[in-house]
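S.K.: no FASTA, just this:
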C-alpha cells in the first residue's frame, strides 16, 4: 500500500513586485498567458496511444546545466511565433547584475575569471577593474579579474569557439578557472559555475534575476550565452527531412539548485530525506541573513555560513518539508547502491514510503527503462576500484545523475535493478523499434553538455544522434521525444520562475522551487509543423504527463498541480 508523501500542501511565493507574469509570452508588445490543461482533465487523444497526441512511446532525454537564455535565447521565431528569448523587452529590466547591498547597486562591468574570457582587450567602458570606483562593491576585486564586458548579456562564441582546444582531460578535469586556449582538447569548453540550492535562490533575487554574478564563483560567465542557430541541434532540426519540433519557452527546473536534486524531482517529484537519524551521514547548511551559505568573489557573508549537502536545521530540530528545513538532501550526495563515488552518502530511500515513477510504472505493468551513458563501464570501474594499474573506462560518469540508484528497489538483486541499463541498449532498441513504453535517457558526462568537463557543441552533436536514433527508427511514427535539461548550470535567465504572485496556477510553487527557466523541446517524426508553446511547465510536468496518460497517482503535490505536456504536443499539430 502506497503511503502519501510528505509534500507540503501550503505553497509559498517569491516577492516579484518588479517582474512580469511568469507564463506570459510577449508578442507584438502584448502580454498573454496560455493556460494549460489542468492535471487530471486531459482530453481524449485522436490516435490509439495513451500519451498526448496518441503516441504510444515516450522518450525523455535529460541533458545538463544550461538556462534557456544561455542556450536557446537566440532561437528567434518559429512558424511566425516568437520564442521568448534575448529579444524579449523584459531582458532590459532583468539583466543588469547588482551588488549585495540593500540598494542593489548595479555593477559597472561583468568581471571574469574564466581564463579564456579574462584576457580580451579591455573595453573603453570597463577599463582595469582596479581603477573602477571600489565603493560600488562590497569588497575590493581580487587580483586576476578583468572587465572587458559591460553589464549585459554577451556571446560566448565571440571569445571561445566550438573548435577551440579548451576542454580538460577527462582524467584530471583541469583547473577550476578553465583550460587556456589551445592547451586542452577541442570543443570550446568554459569553466564550470556554481549551481546549488541556496545560491540559486539568492541569484534569482525574488524574481529580479539580477544577482547571478554576485552569487557565483564564476562571476561574469553567468551572463554568457551561445549562438543558438549555430548549435548542432538547431541546425539539425532546420535541415531537410528533420522531424518537427515545438519549443516550450516557459519550462522551469523543478527545484532550486543542481543536478542531484533535480534528478530526484524528475523521478520522484520531491526532495529526499537523509534518514540517518540524529546524526545524519551528510551535514546541514548554515545560511546568512541573505540566504547565502558561502563567500564568492563578489559576495561577503553577513554571518556564519556553511555550504553543505543538507538544508539548514529547523528551529525545533525536527524535519519540516513545507519549510525546507531539516535533514533534506539538496546538494550532491552519493547513493548507497553501487556504483558510487567519494563523499557523503544518504541511506537507501524506502520506496514504500517514498515511491518514484519507475515503481508506479512497474506496478501498473507498463514497460520502461532508465538508460545511462557509461553505466556498464561505471559498474566495471566500481568492481575494479583500487586495483593497481587499472584505468577507468568511465572517468566522467556522474553517480549523482542516476536518481533511481538511490532507492532500495533498485539495489543489486532487487527487481528494479533490471530497469537500469546502458545507453547503448537504448540506441539499439530505438533503431530496432523495440523501445519500452517509457524511456529515460541520461548521456555520459563527456556528452551531456555540462560546462567545465563537457563540450557544448559536442554534447549537442550527441543529442542529434539520439534524436536520429528515435525519429529514424522502427517506432518513429508513434514515439514522442521530450528534450530538456536538469538545471540552469549557474547561468542567468531573464524570465522569473513561477509563483502564486505572478499568475501561475495554485500549487506549482513552494519552498523547493521552481528555479531558473531551462531549455525544453518536444520532437516527433509526425508532428505536422514546428511551433512554440508558452504554457508554464516545470520538470515534474514530465511525470505528470506519464501519470495522466496511464492513470497513475501523483507522487506529490507539485506533479498533481502542474500542467502536463498536452499543449506542447498540440502546438505541433498532431
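M.R.: Okay, I see it. On a predicted model such as this, the values are computed, not experimentally measured, just so you know. Residues are numbered from 1 along each chain as shown.
S.K.: What segments of this structure are helices?
M.R.: Assignment of helices within the chain using DSSP state H yields the ranges 68-72, 197-204, 232-237, 259-268, 357-363, 375-383, 423-432, 456-471, 540-550, 557-561, 566-570.
S.K.: which stretches of the stretch 351-500 of the chain have low pLDDT?
M.R.: Filtered on pLDDT under 70, the stretch 351-500 of the chain yields the residue ranges 500.
S.K.: hey, where'd the strands end up in it?
M.R.: 368-372, 420-422, 438-442, 479-485 (DSSP state E, counting those that start in this stretch).
S.K.: Excluding chain neighbours, what is closest to residue 409?
M.R.: residue 416 (4.0 Å; Cβ to Cβ, 6 or more residues apart in numbering). The C-beta positions use only the backbone N, C-alpha and C, and glycine is treated the same way.
S.K.: now the one you found: how far from residue 78?
M.R.: 39 Å (Cβ to Cβ, to the nearest Å).
S.K.: What of residue 374?
M.R.: Taking Cβ to Cβ, one finds residue 374 at 34 Å from residue 78.
S.K.: how about the helices of the chain in JSON lines, adding mean neighbour count and distance to residue 159?
M.R.: Shown next, in JSON lines, are the helices of the chain (neighbours: other Cβ atoms under 10 Å; distance: least, Cβ to Cβ, whole Å):
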{"stretch": "helix 68-72", "mean neighbour count": "30", "distance to residue 159": "15"}
{"stretch": "helix 197-204", "mean neighbour count": "26", "distance to residue 159": "23"}
{"stretch": "helix 232-237", "mean neighbour count": "19", "distance to residue 159": "20"}
{"stretch": "helix 259-268", "mean neighbour count": "26", "distance to residue 159": "26"}
{"stretch": "helix 357-363", "mean neighbour count": "20", "distance to residue 159": "41"}
{"stretch": "helix 375-383", "mean neighbour count": "18", "distance to residue 159": "34"}
{"stretch": "helix 423-432", "mean neighbour count": "18", "distance to residue 159": "32"}
{"stretch": "helix 456-471", "mean neighbour count": "22", "distance to residue 159": "14"}
{"stretch": "helix 540-550", "mean neighbour count": "26", "distance to residue 159": "35"}
{"stretch": "helix 557-561", "mean neighbour count": "25", "distance to residue 159": "39"}
{"stretch": "helix 566-570", "mean neighbour count": "24", "distance to residue 159": "34"}
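S.K.: Make TSV out of the ones you listed and add distance to residue 183.
M.R.: Putting the helices of the chain into TSV (distance: least, Cβ to Cβ, whole Å) gives the following:
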stretch	distance to residue 183
helix 68-72	25
helix 197-204	30
helix 232-237	24
helix 259-268	27
helix 357-363	43
helix 375-383	27
helix 423-432	30
helix 456-471	18
helix 540-550	40
helix 557-561	45
helix 566-570	43
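S.K.: Show the contacting residues for the most centrally placed residue in the chain.
M.R.: Nearest to the mean C-alpha position of the chain, by Cα atoms, centre = their mean, lies residue 487 at 1.5 Å. For residue 487, the contacting residues are 65, 195, 253, 255, 257-259, 262, 515-516, 518, by Cβ atoms under 8 Å, 6 or more residues apart in numbering.
S.K.: close enough to count as contact, residue 168 and residue 189?
M.R.: Yes - counting by Cβ atoms under 8 Å, residue 168 touches residue 189, with 6.9 Å between them.
S.K.: intersection of neighbour lists for the two?
M.R.: 179, 452-453.
S.K.: ok so, going back, looking at residue 168 and residue 189 now, which is surrounded by more residues?
M.R.: Counted by other Cβ atoms under 10 Å, residue 168 and residue 189 do not tie: residue 189 has more neighbours, with 28 against 22.
S.K.: Contacts only, for the more buried one.
M.R.: Neighbours of residue 189 in contact, by Cβ under 8 Å, 6+ apart: 160, 166-168, 178-179, 451-456.
S.K.: The residues you listed into a markdown table, with extra columns for distance to residue 429?
M.R.: What follows is these, written out as a markdown table (distance: Cβ to Cβ, whole Å):
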| residue | distance to residue 429 |
| --- | --- |
| 160 | 36 |
| 166 | 35 |
| 167 | 30 |
| 168 | 32 |
| 178 | 38 |
| 179 | 36 |
| 451 | 30 |
| 452 | 31 |
| 453 | 28 |
| 454 | 25 |
| 455 | 27 |
| 456 | 27 |
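S.K.: Give the ranges of residues in the stretch 1-150 of the chain that sit below the confidence cut-off.
M.R.: 1-47, 119-147.
S.K.: The same query, at a cut-off of 80, please.
M.R.: Residues of the stretch 1-150 of the chain meeting the criterion pLDDT under 80: 1-47, 118-148.
S.K.: Ignoring the adjacent residues along the chain, who's closest to residue 448?
M.R.: That would be residue 64: by Cβ to Cβ, 6+ apart, it lies 4.1 Å from residue 448.
S.K.: That neighbour: neighbouring residues, count only.
M.R.: 23.
S.K.: same deal with residue 413?
M.R.: 5.
S.K.: again, but for the one 3 residues further on
M.R.: Summarising burial for residue 416: neighbours were counted as other Cβ under 10 Å, giving 19.
S.K.: Just name the lowest-scoring one in the contacts of residue 487, pLDDT-wise.
M.R.: Lowest in pLDDT among the contacts of residue 487 is residue 65, which has 92.
S.K.: Phi and psi next, for that residue.
M.R.: When read as degrees, to the nearest 10, the backbone of residue 65 gives phi 60, psi 60.
S.K.: Next up, the contacts around it.
M.R.: 195, 259, 449-451, 485-491.
S.K.: ok now stretch 564-574, how far from the chain's centre?
M.R.: With Cα atoms, centre = their mean, to the nearest Å as the basis, stretch 564-574 stands 22 Å off its chain's centre.
S.K.: Please work out the average pLDDT along it.
M.R.: Here the average pLDDT along stretch 564-574 is 93.
S.K.: cool, and stretch 546-560?
M.R.: Rounded mean pLDDT across stretch 546-560 is 96.
S.K.: and that stretch, how far apart are its ends?
M.R.: 12 Å (Cα to Cα, to the nearest Å).
S.K.: same check, this time on stretch 545-559
M.R.: End-to-end for stretch 545-559, by Cα to Cα: 9 Å.
S.K.: that older thread, which one's more surrounded, residue 374 and residue 78?
M.R.: It is residue 374, of residue 374 and residue 78, that has more neighbours when counted by other Cβ under 10 Å, with 26 against 20.
S.K.: check contacts around the residue lying closest to residue 236 once chain neighbours are set aside.
M.R.: Counting by Cβ to Cβ, 6+ apart, residue 464 is the residue found nearest to residue 236 once chain neighbours are left out, at 4.6 Å. By Cβ under 8 Å, 6+ apart, residue 464 lies in contact with 232-233, 236.
S.K.: Between those, which sits nearest residue 286?
M.R.: residue 233 (40.7 Å; Cβ to Cβ).
S.K.: looking at it, that closest one is touching residue 463, isn't it?
M.R.: Yes - under the criterion of Cβ under 8 Å, residue 233 makes contact with residue 463 at 5.2 Å.
S.K.: what do the two both touch?
M.R.: With Cβ under 8 Å, 6+ apart, residue 233 and residue 463 have common neighbours residue 483.
S.K.: Test my guess that residue 88 contacts residue 496.
M.R.: No - counting by Cβ under 8 Å, residue 88 does not reach residue 496; the two are 11.9 Å apart.
S.K.: Between those two, tell me which one has more neighbours.
M.R.: residue 496 (28 against 19).
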